[in-house]
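In: quick check, what structure comes out for this input:
(chains A, B, C and D)
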2 protein chains.
Amino acid sequence: MATKNRSRDTLLTELRAVFLSRGYEGATLSELARATGLGKASLYHHFPGGKEEMAAVLLRDAVARLDQTAFARLKEQRPAAERLHRFIDGFERYVDNGERNCLVTILAQGTIGERHGAQIADQFRGWRQLLAGVFEETGDKPKRAMRQANALVAGLYGYLLTARLHQEPQHFSRGIKALKKNLPELP
Amino acid sequence: MATKNRSRDTLLTELRAVFLSRGYEGATLSELARATGLGKASLYHHFPGGKEEMAAVLLRDAVARLDQTAFARLKEQRPAAERLHRFIDGFERYVDNGERNCLVTILAQGTIGERHGAQIADQFRGWRQLLAGVFEETGDKPKRAMRQANALVAGLYGYLLTARLHQEPQHFSRGIKALKKNLPELP
DNA sequence: GTCTATACACCGATAGAC
DNA sequence: GTCTATCGGTGTATAGAC
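Out: Here you go, the predicted structure:
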């Protein structure tokens, strides 16, 4: 499994880079082929559905990565406050300290967003529930826990976006530090 | 299909809608023509530089609107805390209570972002300085004032982005309410 | 100012050899 | 699995009549 998936993982990594920097509509088959070192026809061997299938696969993959790298940490066997910190650390790693964007937000626009927007929304609502539950464990009442969950996710994505607008990757790291300060203290 | 006597503002409004929903690369001349009711060739009369000029004009226009509608309120002759509230209200209006996206963030990606990213970054750094100055007036020390400025802008854009991810426009309004609670109290 | 008609490059996608 | 060659369609952009 690991051997078989290694080359496909490499392929996905190269394709992901193109979609991240160009968006779905901006990513052309020529550029995708060049980035992978394959011919255009070869890409259709791996993705018979063409560009749209590539994006769909990468979207599912990005959601899985975000879940495993960040949100899954909220379910570990640890004190709630510690889980929150580890979640933020995971998100930081997912976006490579603010230097990489989140592919889910890129693909949530335009054609792909229209097709998979409902699924994305369901996923984020689930994550929000999970996060709010952890805040409740720290002592927050349900309503406040939900507000805290919303504020945290909005903060993470907001700093990521404004770091790009400012063209200052450090902006993200500093923001994340501030978000952590607002969290319940570690035991 | 719309009115025959269209002003330039009307034209820009129709073009803006297309770029907002499709992005720069996704907006085609055919769709831009259809949205305006003009032929493709007629668009080149108004924008000799074609699609790229349309985007450049709309980007400048969006920056000006954001400045006038939101950030300019930070310079009014009022108590600092009141100016902060009015700034947030202005931003809310700029994005139509979370139902419209900010064109600057849309065009900051892809081709246009590569060409105008430095200008956009300068603009946002200026706005950040302005905002931090107002926080200083409310009693914050420079370092904290800057953090507050960053947190506020990240919050505004973060709630705007996550509202779209959740497909819940109300998510934005609730988030804005929370942001206001963290502000210095009104006199 | 707006139109019709058109140029021509590139798009996504397929056929078929190897 | 990868390639070369090529398809039909659409993209941006222009020419020129009205």
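In: can you report how many residues neighbour residue A:9?
Out: For residue A:9, the neighbour count with other C-beta atoms under 10 Å in any protein chain shown is 12. Any C-beta I mention is one placed from the backbone N, CA and C, and that applies to glycine too.
In: again, but for residue A:154
Out: Residue crowding around residue A:154 was assessed by other C-beta under 10 Å; the count is 26.
In: what's the distance between it and residue B:135?
Out: As judged by C-beta to C-beta, to the nearest Å, residue A:154 and residue B:135 stand 20 Å apart.
In: what of residue A:129?
Out: 34 Å.
In: among these two, which residue is more densely surrounded?
Out: Higher neighbour count among residue A:129 and residue B:135: residue B:135, with 25 against 11, using other C-beta under 10 Å.
In: tell me the contacts of that one?
Out: Counting by C-beta atoms under 8 Å, 6 or more residues apart in numbering or on different chains, residue B:135 makes contact with B:80, B:84, B:144, B:145, B:146, B:148, B:149.
In: indicate whether the host helix or strand of residue A:143 makes contact with chain B.
Out: Residue A:143 belongs to helix A:142-166 when assigned by DSSP states H and E. Yes: if you take C-beta under 8 Å from any C-beta of the partner chain as the test, helix A:142-166 does meet chain B, through A:147, A:150-151, A:153-159, A:161-162, A:164-166.
In: got any ranges where chain A has weak pLDDT?
Out: The model of chain A has pLDDT under 70 over residues A:1-6.
In: that one: helices as residue ranges?
Out: A:2-26, A:29-36, A:40-46, A:50-69, A:80-94, A:103-107, A:110-137, A:142-166, A:169-181 (DSSP state H).
In: and the shortest one with DNA strand C, contact?
Out: Just to be clear, that refers to helix A:103-107. No: judged by C-beta under 7 Å from any atom of the strand, helix A:103-107 stays clear of DNA strand C, getting no closer than 14.3 Å.
In: distance of the closest residue to residue A:147 other than its chain neighbours relative to residue B:113?
Out: Counting by C-beta to C-beta, 6 or more residues apart in numbering or on different chains, residue A:147 lies nearest to residue B:178, which is 5.6 Å off, once chain neighbours are set aside. As judged by C-beta to C-beta, residue B:178 and residue B:113 stand 30 Å apart.
In: check contacts around the nearest residue to residue A:136 once chain neighbours are set aside.
Out: Distance criterion C-beta to C-beta, 6+ apart; nearest residue to residue A:136, sequence neighbours excluded, is residue A:145 at 4.4 Å. By C-beta under 8 Å, 6+ apart, residue A:145 lies in contact with A:132, A:133, A:135, A:136.
In: need the contact list for the second one.
Out: For residue A:133, the contact set (C-beta under 8 Å, 6+ apart) comprises A:74, A:145.
In: neighbours of the closest residue to chain B within chain A, how many?
Out: Distances between chain A and chain B by C-beta to the nearest C-beta are smallest at residue A:158, namely 2.4 Å. Residue A:158: 28 surrounding residues under other C-beta under 10 Å.
In: before we move on, what about residue A:54?
Out: 23.
In: quick one, what contacts the residue lying closest to it once chain neighbours are set aside?
Out: Once flanking residues are discounted, residue A:54 sits nearest to residue A:47: 4.9 Å by C-beta to C-beta, 6+ apart. Listed by C-beta under 8 Å, 6+ apart, the contact set of residue A:47 reads A:53, A:54, A:57.
In: what of residue A:187?
Out: Shown in contact with residue A:187 (C-beta under 8 Å, 6+ apart): A:79, A:81, A:82.
In: let's go with 7 Å and repeat that
Out: Residues near residue A:187 by C-beta atoms under 7 Å, 6 or more residues apart in numbering or on different chains: A:79, A:81.
In: with residue A:120 instead?
Out: For residue A:120, the contact set (C-beta under 7 Å, 6+ apart) comprises A:104, A:108, B:165.
In: for chain A, see how far away the last one is.
Out: Going back to what we said before, that points to residue B:165. 5 Å (C-beta to the nearest C-beta, to the nearest Å).
In: give me the neighbour count for the closest residue to that residue other than its chain neighbours.
Out: Leaving aside its sequence neighbours, residue B:165 sits nearest to residue A:124 (C-beta to C-beta, 6+ apart; 5.0 Å). Residues lying near residue A:124 (other C-beta under 10 Å) number 21.
In: also residue A:60?
Out: Count around residue A:60 with other C-beta under 10 Å applied: 12.
In: likewise for residue A:139?
Out: When neighbours are counted by other C-beta under 10 Å, residue A:139 comes out with 11.
In: also residue A:50?
Out: Residue A:50 sits with 12 neighbouring residues when counted by other C-beta under 10 Å.
In: hmm, back to that, if I look at the residue nearest to residue B:165, how far off is residue A:63?
Out: 9 Å.
In: cool, and residue A:99?
Out: As judged by C-beta to C-beta, residue A:99 and residue A:63 stand 20 Å apart.
In: between those two, which one's more packed in?
Out: residue A:63 (21 against 11).
In: so that one makes contact with residue A:123?
Out: Yes: using C-beta atoms under 7 Å, residue A:63 is in contact with residue A:123, at 5.8 Å.
In: can you turn the buried part of the contacts of residue A:120 into a PyMOL selection?
Out: A single PyMOL command is used to select the members of these judged buried by 16 or more other C-beta atoms under 10 Å in any protein chain shown:
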select buried, (chain A and resi 104+108) or (chain B and resi 165)
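In: good, we can wrap up now.
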